[in-house]
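A.B. asks: Output the structure for:
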Amino acid sequence: MKHFIALVHKEEESAYGVSFPDLPGVFSAADAEEDLTANAMEAIRLWAEDQTVPSPSSHDAVIGREDILQELANGAFLMRVPFIEDDSRTVRANVTFEKGMLDAIDAAARERGMTRSAFLASCARKEIEAA
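C.D. replies: Residues are numbered from 1 along each chain as shown. This next block holds a predicted model:
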């Protein structure tokens, strides 16, 4: 999985602003700090629908840039944002669960009108975004 370095700005009385040194023109925002990662992931995903996604720069390469150092000196901070590529291919995976857990997964999926696979993928995405 790719991770991009994001530059986060926060001015008093405003939302957090997120930009990506490797992805010019990609921006995101969040009113709450805990929403930064999910919103940033969504911004990359939407941008990637129409663009070829470049290889991410290393942390050292990003912080070696003079413009980034200036932003950091002015109060911005960096965060890593995972990028989960949307791929229309489906892949079969064999996983093992304790019976009670599998029953709970199936019940939760049914309650939401989802398949087991869709439910597990949704849960995995939420967990990755929350990391």
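A.B. asks: only C-alpha atoms for contact and neighbour calcs from this point on.
C.D. replies: Fine.
A.B. asks: give me the element I105 is part of.
C.D. replies: For I105, the host element (DSSP states H and E) is helix 99-111.
A.B. asks: immediately after that helix, which helix or strand?
C.D. replies: Following helix 99-111 in sequence order, the next helix or strand is helix 116-130 (DSSP H and E).
A.B. asks: Need the CA coordinates for that next one. PDB is fine.
C.D. replies: What follows is helix 116-130, C-alpha atoms only, in PDB (Å, rounded to 0.1, in the frame of the first residue of the first chain):
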ATOM      1  CA  ARG A 116     -19.900 -10.800   4.000                       C
ATOM      2  CA  SER A 117     -17.200  -9.700   1.600                       C
ATOM      3  CA  ALA A 118     -18.500  -6.200   1.300                       C
ATOM      4  CA  PHE A 119     -18.900  -5.900   5.000                       C
ATOM      5  CA  LEU A 120     -15.400  -7.100   5.700                       C
ATOM      6  CA  ALA A 121     -13.900  -4.800   3.100                       C
ATOM      7  CA  SER A 122     -15.900  -1.900   4.600                       C
ATOM      8  CA  CYS A 123     -14.600  -2.700   8.100                       C
ATOM      9  CA  ALA A 124     -11.000  -3.000   6.900                       C
ATOM     10  CA  ARG A 125     -11.200   0.300   5.100                       C
ATOM     11  CA  LYS A 126     -12.600   2.100   8.200                       C
ATOM     12  CA  GLU A 127      -9.800   0.500  10.300                       C
ATOM     13  CA  ILE A 128      -7.100   1.600   7.900                       C
ATOM     14  CA  GLU A 129      -8.500   5.100   7.700                       C
ATOM     15  CA  ALA A 130      -8.600   5.300  11.500                       C
END
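A.B. asks: buried set for that helix?
C.D. replies: Residues 116, 119, 129 are the ones in helix 116-130 that count as buried (16 or more other CA atoms under 10 Å).
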